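**Student:** Fold the following for me, if possible:
(chains A, B, C and D)
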4 protein chains.
Amino acid sequence: MTHIRGRFRKPADKIVAEYTASLPFDRRLYRQDIAGSIAHTRMLAKQGIISNEDAKKIIAGLESIRAEIEQGQFEFNIEQEDIHMAIESRLIEKTGEAGRRLHTARSRNDQVVLDTRLYVKEAISVTIKGLRELQRALLDQAGANITVIIPGYTHLQAAQPVLLAHHLLAYFEMLQRDIERFTDGLKRADVMPLGSGALAGVAYEIDREFLAKELGFSRVNNNSMDAVSDRDFILEYEAAASICMMHVSRLAEEIVLWSSAEFDFIELDEAYATGSSIMPQKKNPDAAELARGKTGRVYGHLMALLTTMKGLPLAYDKDMQEDKEGLFDTVDTLTSTLEVFAGMVKTLKVNAGTAEKAAGRGYILATDLADYLVKKGESFRTAHKIVGKLVRYAAEKGQSFDQLDINIYKRFSPLFGDDVRKINIKTSVAARDVVGGTAPRRVKQALAKARRIVEKD
Amino acid sequence: MTHIRGRFRKPADKIVAEYTASLPFDRRLYRQDIAGSIAHTRMLAKQGIISNEDAKKIIAGLESIRAEIEQGQFEFNIEQEDIHMAIESRLIEKTGEAGRRLHTARSRNDQVVLDTRLYVKEAISVTIKGLRELQRALLDQAGANITVIIPGYTHLQAAQPVLLAHHLLAYFEMLQRDIERFTDGLKRADVMPLGSGALAGVAYEIDREFLAKELGFSRVNNNSMDAVSDRDFILEYEAAASICMMHVSRLAEEIVLWSSAEFDFIELDEAYATGSSIMPQKKNPDAAELARGKTGRVYGHLMALLTTMKGLPLAYDKDMQEDKEGLFDTVDTLTSTLEVFAGMVKTLKVNAGTAEKAAGRGYILATDLADYLVKKGESFRTAHKIVGKLVRYAAEKGQSFDQLDINIYKRFSPLFGDDVRKINIKTSVAARDVVGGTAPRRVKQALAKARRIVEKD
Amino acid sequence: MTHIRGRFRKPADKIVAEYTASLPFDRRLYRQDIAGSIAHTRMLAKQGIISNEDAKKIIAGLESIRAEIEQGQFEFNIEQEDIHMAIESRLIEKTGEAGRRLHTARSRNDQVVLDTRLYVKEAISVTIKGLRELQRALLDQAGANITVIIPGYTHLQAAQPVLLAHHLLAYFEMLQRDIERFTDGLKRADVMPLGSGALAGVAYEIDREFLAKELGFSRVNNNSMDAVSDRDFILEYEAAASICMMHVSRLAEEIVLWSSAEFDFIELDEAYATGSSIMPQKKNPDAAELARGKTGRVYGHLMALLTTMKGLPLAYDKDMQEDKEGLFDTVDTLTSTLEVFAGMVKTLKVNAGTAEKAAGRGYILATDLADYLVKKGESFRTAHKIVGKLVRYAAEKGQSFDQLDINIYKRFSPLFGDDVRKINIKTSVAARDVVGGTAPRRVKQALAKARRIVEKD
Amino acid sequence: MTHIRGRFRKPADKIVAEYTASLPFDRRLYRQDIAGSIAHTRMLAKQGIISNEDAKKIIAGLESIRAEIEQGQFEFNIEQEDIHMAIESRLIEKTGEAGRRLHTARSRNDQVVLDTRLYVKEAISVTIKGLRELQRALLDQAGANITVIIPGYTHLQAAQPVLLAHHLLAYFEMLQRDIERFTDGLKRADVMPLGSGALAGVAYEIDREFLAKELGFSRVNNNSMDAVSDRDFILEYEAAASICMMHVSRLAEEIVLWSSAEFDFIELDEAYATGSSIMPQKKNPDAAELARGKTGRVYGHLMALLTTMKGLPLAYDKDMQEDKEGLFDTVDTLTSTLEVFAGMVKTLKVNAGTAEKAAGRGYILATDLADYLVKKGESFRTAHKIVGKLVRYAAEKGQSFDQLDINIYKRFSPLFGDDVRKINIKTSVAARDVVGGTAPRRVKQALAKARRIVEKD
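**Tutor:** Residues are numbered from 1 along each chain as shown, chains lettered A, B, ... in the order given. A predicted model of the protein is given here:
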């Protein structure tokens, strides 16, 4: 653990065994491996390739091994190289000749793909649950603050007032696409590879459809060489996870900004912020920052596997063993991040007053003034120029729109009338009354629609 | 062009204008931009937001601008910053007041997303066509060499004989998944963003569904802030392109290997290989190598945009302007690579004799011998050990399986009988008679199924 | 330009020629190529490998070709594949038999590496100049605002007051390391490869040291196979550029934050910010955002070339042709970004009042109170706990340290005396009087030291 | 270990504590942390900031904690968040008030950077040792096979014969550059950050130079804000490691190719290759493949940290905690890979006969024929054309150069004389008699020079 490698010499075969062993990380797949072996055993017996007695012994043996592992009684030995051999060796210890028949009509190459596919399918399901949970938190905050107006930013400069709920619903949409992407990827993960053998298929009358059904797969693969050399389903998970973490990093950035004294739009719950012993009032948004930082890690795993797979000839090359650690860490990172964010979003407090005050600052209603002129007949580009001049004039005088006399307005365009006074952040928000716009009735519709989607699950 | 920047000083605003301008690359979107503006104009007129006369002038103006561009008569001026302003400025020159109304109820933020979405939708369609073309070439080669046996490799060591057609069909499967991925991505690209304005929606009674229909989109976006800040559809194209280029890089690697004097399984058509003036017989697989190399470029673009988008607060930030060049280059790289590969695969010649000779070398049939024993009742693990000893014996004697006396076989296991002699690369291939296996009848079925898929398009 | 590739079919050889040609981008290397050829010609003549007359003709020819290119009179023809053949063909047109002798004792493989090394050496020099320019701008701002105090942030929460100059000098340090890295990389770029031939060296009595001297290289490479397959010097430039762009992205982030209405610490010069026609007062920090976004592009190029080079067997493979476009774009991006930032930093205005007000907010002096107690004998951990309780008390009362009665202080620790009142942001800053600390005298020393470094160049 | 996260709910603070804790990975830094604390304590006592008795207690306490950890008696508790707090808490348990004084004039921000810098300095040293070891193995193989000729490849097509030793020395050069890069990086890692405090420096009269000397650093940092926010030294290690792994991946690719039955240039020692139970004669180059695959992982870590650091405002942000795991894994991966490769290269057997036979195949001497003509007065381009025609003729006749009648040669150029017969792979190799060329005397010189470099260490 504590020393940098390479200073104490071991015999070559030990060094190589340690270098090439996957057991330290693939032991995590024990459940999948045992489930796969049980289904395989049932199929072999059904097809008469092994006897029913042997099958019974094998299955009982595998189940007891699972129990041993889960009770911490299983001795993992790096000389067994990987989880598959570790379990099979123990099975042979327990069942003798029967155990020696387990691997009939199977190869490590199709076995390892099976285990990984089972894992990815489960990971997708857990990930989607985590995404739903975060969506719910966003919807709850949106609902609880349905009237709160904040500045809408472009270039981190206030541009137009928007509803906070509208802003939060933008993240709902991102996560919704994430869910769709993971769901789409599931189609390609959900393919049963057993029976592909080392690369050419197996020379036994096996029943692949039975295996698929037993293991909960929708279909079997079409080509054995592809089956053992395909890692697309992992890459696809990692690509979807990268895009998802990018979304999370944007939300994290906003949480960090909004928690700053300068913005002060929100306050994080104590569980999600860290004070120091000396500045207990300081609320460092550690979890948000860390999630933002972990984006790099997830991108890195994607890049790693893309690089590893580049230029590999068919069918199986040992390079592919590198697929697992990055996958496991991606799944752990993403699902724990989603869990933390769901809690953080759900529990944060909105400082509605500060936010709304910020939303009213400056000449944020300039666009509304231009729209006012357009509606009175001015062309868009000319209206914009007129308001531009008006804003410049007001800024030089240090006055807000409110403070300008109506005659001043008229100096810039005769189309201005007294009704220009009615424009404020509420009317501005209400005016964006289009599908997808920030008008309260549209946002409420969007919120209701989003809730229905979330509740369907 | 030829000098490294930074040695001749320009005034600050010129330097900044050049730095921030997107016109040099986004001019490529002129068709999409004009199509979007025409649809927008129609909608504005239909809704009574602008007059029909103005609409007619605008549309005629836009069409003449398109003609000017396509005839090379349009003057692009970097001071116009981007393609949108370049076209609108010219329109105002041509149509005066009418042109000044074009941008009503629109913002550059939703406009640029519209153009990019139109581009990506077209890119997906062209990419899928390219993938189909390469699939066809693979199927043609598979069909033309349906009986050819080659060594199937693991670890670049011959492991079991397989049909060349089976090997080629593995690539068919990869490309099929690529097509599915691009098709899945299309769903998320196929969303009409106009009407989202700068970020909050627009304050006009527009008809977004009409716009969607005019422009061939299936639906409109749900949230205006998401609409202007979402670049997922580009990332998703680039992720699918990265996985696809990874597949191509594997095929490229095999083409390079197989073209070497050492393997000599194939010969590339002259158009796809380069000799030197001095070694005209040498056939450098330049195009295959270059494609393998270009994998890096496509990965790089994916990584670039993921990095760019990381941690950006909503809604629009100028950083996002970096989305386009990488996208364009990804599309160009991928589609040209697919085109070149379709031609290269279609025209290559297979050296069936060399390949089959290689497939018969060594103890490639060891697995078949083990299967033989298992079928006679031996357990899998024991059978493997027996054959292992037999192989070691034969290798020490320098004899092939053929050359070993049947009594030698029997020394290793009494289960061996004379029928062991019948095992050869043909029986070996034929024995893998499972769905997805390399047995000729299975491969023919797979080929027929693949052809049906390809012909459906 | 405007259409996605692949819809109009061309003959295979045209498609492949276009796919494999490097002329569209390597023409940029014409100066380097001609300089290399002239030096090579001189060496050939000196060694008696070609005649002096031939050498004269060749050199005159090359010089006239350079003039043709620089005057825009050279016709680039994609059939010549690359800049090397384009120039040599033209030379043969001009000089006949003499021109045919130019390539004696040379190969395209060593020629292309030579050109790229000459380019990288120049790029490093221009990059370092750009870094120095930005350093100067930082020092100018630091000097001009030497007394301004701003909040020092951790977690984007104000933690301790610091001098703005101290903050800016942190960037000076980063850029200084960048300069060191580029300088270190130069050692490995500065190696003359000519004479390595295709891969094995050349069979002529050439004088490689003469070539090195003529072309301004410090040394020649040791191994011809390494020479033609080495692209480390490009990767190293790109890695240093990536780290440098990361630094720039941090400064960009701060410029964006500080330009926001919420922070309002600085105001960008008009040349470096963009208003909209309608909100002329809004100052979008476009250039800073774009630079932040371009970080992705530079990372992407690094990743691209690392991927391309992975797993390539010696010596030259066509994949390596992919080295140039990413390099060129990296150099262009980095040098233009540095130029823009130097101007932007130099011209920005500091809102000293706003910044200092922010620096005094909250309990930013809590650490100073704890240090006060430690100096009176309290242990560090206990002092921190005491101040923590005091802060919590004050926060609940809504009082600042100033507003707390001295007896309140004493309630938390008897060590507090009246002198605790003297602690303020100025004393806090002054107290960090260690090498590298923010005390004004230390910052002035650091500034002076930095100026000496910059002026040395 | 075995379940995907997120299915069992824990209280929020537990979830967050687990999410943000670094103890599970930074405990690896215990030695560095304790060394840093001991030096810090000595400095505090020397400066009179704490008493000598306290210092003695603290140092004794820290030493006993180190012993506890190394004997496996230390209880790591995730609630202590990181290794720094874990050790400090235990120290306070052991020494009470004295322990509470350890952290005087220090912050976790400068402490964590110190520990990481100590780690990186050690990592660089171990890495360079590993590189030297692999260089030695290459030199041993080169020396042992100094006369063996193999085909030199471009585009994986035999181009010119070269000495195997020359080929191996190309890798020596790559590793030499790697060593230089790590050594250059060391300059920037070798900077002592303690005294920078949280970000502003500390308010005590500390002696930073004393700390630097105690801890073996060459200098102290210039700016406290830079000190706590700088992770360049990690990025630089990872960038150098990426380039180094790229080199290793190229060697790995060649080992895989050369181990194939098709090339058959080398045989790996049993310790470095894996047979299957059934094909004991098969020698899968697992370790080489795995190293090639691990290139992706190292690239991924570089990309991850570059992404994490992008756009972070000064000074410390929690994102930076993500720096360590990738670094640790990079160091482990690189050093173990170098160790394995040193052994693998040292023990592989060269099949000189097969390699030389391959080197004589085809028209590999075509370049030599052209050089022959050039030396007789023909121009380079014309000579190449003549030989091109000759090769084409010979290839059509199915004859090698040897088999062609001398009159045939003369038909293509009258300059051919009987001495053309003397050209063979030995004369070809010997003719490349330039610095860096493959001529035996040059290769021997290069080998001797390389040995001197390696032995200097």
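
**Student:** which parts of the stretch 201-350 of chain A sit against chain C?
**Tutor:** Counting by Cβ under 8 Å from any Cβ of the partner chain, the stretch 201-350 of chain A comes close to chain C at A:256-257, A:259-263, A:276-286, A:289, A:303, A:306-307, A:310-311. For every residue, glycine as well, the C-beta is placed using N, CA and C.

**Student:** Please flag which of those residues sit within helices.
**Tutor:** Judged by DSSP state H, those include A:256, A:257, A:259, A:286, A:289, A:303, A:306, A:307 as members of helices.

**Student:** roughly how far apart are the first one and residue D:229?
**Tutor:** Distance of residue A:256 to residue D:229, given as Cβ to Cβ, to the nearest Å: 15 Å.

**Student:** quick one on the thing from earlier: now list the buried members of the residues of the stretch 201-350 of chain A next to chain C.
**Tutor:** Applying 16 or more other Cβ atoms under 10 Å in any protein chain shown to these, the neighbour count classes A:256-257, A:259-263, A:276, A:278-286, A:289, A:303, A:306-307, A:310-311 as buried.

**Student:** which residues touch residue A:138?
**Tutor:** Residues in contact with residue A:138 (Cβ atoms under 8 Å, 6 or more residues apart in numbering or on different chains) are A:168, A:169, A:171, A:172, A:175, A:345.

**Student:** element containing it?
**Tutor:** helix A:108-144 (DSSP states H and E).

**Student:** where does chain A have low pLDDT?
**Tutor:** Counting by pLDDT under 70, the ranges of chain A that qualify are A:1-10, A:277, A:280-281.

**Student:** Show me it divided up by domain.
**Tutor:** A:2-104, A:109-196+A:222-358, A:361-456 (automatic domain parsing).

**Student:** just those domains: most buried one?
**Tutor:** domain A:109-196+A:222-358 (a mean of 24; mean count of other Cβ atoms under 10 Å in any protein chain shown).

**Student:** can you give me the offset of that domain from its chain's centre?
**Tutor:** Between the centre of domain A:109-196+A:222-358 and the centre of its host chain there is 3 Å, according to Cα atoms, centre = their mean, to the nearest Å.

**Student:** Helices of the stretch 251-400 of chain A, residue ranges please.
**Tutor:** A:286-309, A:323-347, A:352-360, A:366-375, A:380-397 (DSSP state H, counting those that start in this stretch).

**Student:** Just send those back as JSON lines, with distance to chain D too.
**Tutor:** What follows is the helices of the stretch 251-400 of chain A, written out as JSON lines (distance: least, Cβ to the nearest Cβ, whole Å):
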{"stretch": "helix A:286-309", "distance to chain D": "3"}
{"stretch": "helix A:323-347", "distance to chain D": "4"}
{"stretch": "helix A:352-360", "distance to chain D": "20"}
{"stretch": "helix A:366-375", "distance to chain D": "28"}
{"stretch": "helix A:380-397", "distance to chain D": "28"}
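
**Student:** Select, out of those, the one closest to residue C:326.
**Tutor:** Counting by Cβ to Cβ, residue C:326 lies closest to helix A:286-309 out of the helices of the stretch 251-400 of chain A; the figure is 15.4 Å.

**Student:** Is that closest one in proximity to chain B?
**Tutor:** Yes: using Cβ under 8 Å from any Cβ, we find that helix A:286-309 touches chain B at A:292, A:295, A:296, A:299, A:303, A:306, A:307, A:309.

**Student:** quick one: which of these is nearest to residue C:84?
**Tutor:** residue A:307 (30.8 Å).

**Student:** Does the closest one touch residue D:298 like I think?
**Tutor:** No: between residue A:307 and residue D:298 there is no contact under Cβ atoms under 8 Å: 9.1 Å.

**Student:** so how far is chain D from residue A:208?
**Tutor:** Using Cβ to the nearest Cβ, to the nearest Å, we find residue A:208 at a distance of 23 Å from chain D.

**Student:** for residue A:73, same thing?
**Tutor:** Counting by Cβ to the nearest Cβ, the gap from residue A:73 to chain D is 14 Å.

**Student:** Next, that residue: secondary structure please.
**Tutor:** coil (DSSP: H, G, I helix; E, B strand; the rest coil).

**Student:** Quick one: residues contacting residue A:444.
**Tutor:** residue A:146.

**Student:** what are the phi and psi angles of it?
**Tutor:** phi -60, psi -40 (degrees, to the nearest 10).

**Student:** mind checking which helix or strand whatever residue of the stretch 101-250 of chain A ends up closest to chain B is in?
**Tutor:** Residue nearest to chain B within the stretch 101-250 of chain A (Cβ to the nearest Cβ): residue A:201, separated by 2.3 Å. Taking DSSP H and E as the definition, one finds residue A:201 inside no helix or strand.

**Student:** Do I have it right that it meets residue B:428?
**Tutor:** No: counting by Cβ under 8 Å, residue A:201 does not reach residue B:428; the two are 10.8 Å apart.

**Student:** circling back: which one of the helices of the stretch 251-400 of chain A lies closest to residue C:403?
**Tutor:** Nearest of these to residue C:403, taken as Cβ to Cβ: helix A:352-360 at 21.9 Å.

**Student:** Pull the residues that contact that closest one.
**Tutor:** A:145, A:148-151, A:158, A:161, A:164, A:263-265, A:424-425, C:261-262.
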